[in-house]
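*Asks:* this is a predicted model, with the sequence first.
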Amino acid sequence: MGTFFTIIVMAVLVNNFVVVQFLGICPFLGVSKKTSSALGMGVAVTLVMTITCLITYPLYEYILVPLGLEYLEIIVFIFVIAALVQMIERAIRKFSPPLYRAMGIYLPLITTNCAVLGVAELVIDKAQMMSLLGITSMNVGVAVLYGLFAGVGFTVSIVIMSGLREKIDRLKLPKALKGFPITMIAACFMAMGFYVFNMIG
Amino acid sequence: MTGQRFKQISFDGLLRNNPTFRLVLGTCPTLALSTAAFNGIGMGLAVTFILICSNVLISLLRKAIPNAVRIPAFVIIIATFVTIVRMVLDKFIPSLYESMGVYLPLIVVNCIILGRAESFASKNKVLDSAMDGLFTGLGFTCALTLLGIIREVLGSGAIFGYQLWDFRIGFFSSSAGAFFVYGVCIALFNHIYSKAENKLRSKNFAARIMQKPDIGDPQSELAEQAEAEDAVSAQTPAEDAANAAVHDNGGKA
């Protein structure tokens, strides 16, 4: 139970995927104009990240390592993620058309999202997991939980960002600051907020 | 390749379409690895090498790769080169390998490389693609190094690891400082760029700058920016925005 809460706090708040680890910045900047679309993107990314961890961690630990093929991890992971995203898209379209309408358009964009490949690379790296979670022994359960809550952390930050941007868009700003620059500066203040959570860890 | 073409590709890669400041692509490594100037250079050169190799290979194979599977094919080509770079760095520069950490494998999903493959290498000749890779990569390297120098000097009072003074502002080494410095730099770059362009236009040099036969849309800077913003508002991520800005192929997914 202790491990469970550690993972939640560390993954969602202390080492937030977006503002602390800088993973998934592209959708964070690109899909954060409206809160509804930010939420859709966040849920889609969380889903894909969780399932990715569930597949890539055993694949690496029980197939690539025993065969001595660790160097193939990048190619294998990107293949798995691309195939997975396709399958999830098909499955959602078939079984839940309303859900597909809500988040289907975000799914194809996730293949080249660094958050997904990033989480797959992080969970197989024992030193990284030690510094991020303080956990020494990894297993599939921890990997999947980390994937899930890292995704939740991503969702939290992208939804906060979309709220900020809905306000920012109404401001009168110098032309040079419009768009990306002011978004970055807003993200700076968000990062400062998340920095406070370091005191928990 | 003519001198005019060379000048145009280099100008595009370094300034006009600078991947970091103008297109805002590849933001994850930019923010994460600009803590120190050396990390910035290392990341920039790794990306430059992969960009040249992948551009050359994709340009060579551009007639062989069927249109429907081009994105997976590009990703596999890029992943192969990333794996090579990763092995080489692990063996020869372990300190850089350590500091690049998870961002090294993430070069595979770096929007700059896929963006150049999609919008340039798959349509142009080998030599042009190699030059485009070189100068886009150098534009990225310069930008990362600049951000790295600013953050290292202010955040730890050092430059390239050489201690200058004891005065340091921790804010600039933190993640919040990364967003702040990057945001301010984009704003400054945009401002200087639009000033310089107005000046050029008033001198009637505009025609020369605006001739962009390869990219396809000889539009003014304003129109391009508006297009980029439109693409973002159409709920595509920044990489697609940039693709849409440089050529009007939005439906790559």
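*Replies:* Happy to help now that I have it. Numbers count the residues shown, from 1 in each chain, chains lettered A, B, ... in the order given.
*Asks:* what average pLDDT does stretch B:170-186 get?
*Replies:* Averaged across stretch B:170-186, pLDDT comes to 91.
*Asks:* output it as PDB - backbone C-alpha positions only.
*Replies:* C-alpha atoms of stretch B:170-186 as PDB (Å, rounded to 0.1, in the frame of the first residue of the first chain):
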ATOM      1  CA  GLY B 170      18.900  28.600  -8.900                       C
ATOM      2  CA  PHE B 171      15.700  29.500 -10.800                       C
ATOM      3  CA  PHE B 172      17.500  29.200 -14.100                       C
ATOM      4  CA  SER B 173      18.700  25.700 -13.500                       C
ATOM      5  CA  SER B 174      15.200  24.500 -12.500                       C
ATOM      6  CA  SER B 175      12.500  23.300 -14.800                       C
ATOM      7  CA  ALA B 176      10.600  26.600 -14.400                       C
ATOM      8  CA  GLY B 177      13.700  28.400 -15.700                       C
ATOM      9  CA  ALA B 178      13.800  26.300 -18.800                       C
ATOM     10  CA  PHE B 179      10.300  27.300 -19.800                       C
ATOM     11  CA  PHE B 180      11.100  31.000 -18.900                       C
ATOM     12  CA  VAL B 181      14.400  31.300 -20.900                       C
ATOM     13  CA  TYR B 182      12.900  29.400 -23.900                       C
ATOM     14  CA  GLY B 183       9.800  31.500 -23.900                       C
ATOM     15  CA  VAL B 184      11.700  34.800 -23.700                       C
ATOM     16  CA  CYS B 185      14.200  33.600 -26.400                       C
ATOM     17  CA  ILE B 186      11.300  32.800 -28.800                       C
END
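*Asks:* residues contacting whichever residue of the stretch 101-250 of chain B sits closest to chain A?
*Replies:* When you check the stretch 101-250 of chain B against chain A by C-beta to the nearest C-beta, the closest residue turns out to be B:Gly183, at 2.8 Å. To be clear about C-beta, it is placed using only N, CA and C from the backbone, and glycine gets the same treatment. Contacts of B:Gly183 were listed using C-beta atoms under 8 Å, 6 or more residues apart in numbering or on different chains, and they are A:180-185, A:187-188.
*Asks:* now it: closest residue in space, sequence neighbours ignored.
*Replies:* In space, and not counting its chain neighbours, B:Gly183 is closest to A:Met184: 2.8 Å by C-beta to C-beta, 6 or more residues apart in numbering or on different chains.
*Asks:* tell me where the stretch 1-150 of chain B has helices.
*Replies:* Read by DSSP state H, counting those that start in this stretch, the stretch 1-150 of chain B holds these helices, from start to end of the chain: B:3-11, B:27-32, B:37-60, B:70-92, B:94-100, B:111-116, B:126-156.
*Asks:* ok, of these, where does mean pLDDT dip lowest?
*Replies:* In terms of average pLDDT, helix B:3-11 trails the rest of the helices of the stretch 1-150 of chain B, at a mean of 82.
*Asks:* which strands and helices sit next to it?
*Replies:* helix B:126-156 (3 or more C-beta pairs under 8 Å, 6 or more residues apart in numbering or on different chains; DSSP states H and E).
*Asks:* and the helix it packs on with helix B:37-60, angle?
*Replies:* For helix B:126-156 against helix B:37-60, the angle by axes from the mean of the first three to the mean of the last three C-alpha atoms, to 10 degrees is 160 degrees.
*Asks:* angle of helix B:126-156 against helix B:3-11?
*Replies:* The directions of helix B:126-156 and helix B:3-11 differ by 30 degrees, with the same axes, to 10 degrees as the criterion.
*Asks:* anything in helix B:126-156 near chain A?
*Replies:* No. With C-beta under 8 Å from any C-beta of the partner chain as the threshold, helix B:126-156 lies outside contact range of chain A, at a closest distance of 11.5 Å.
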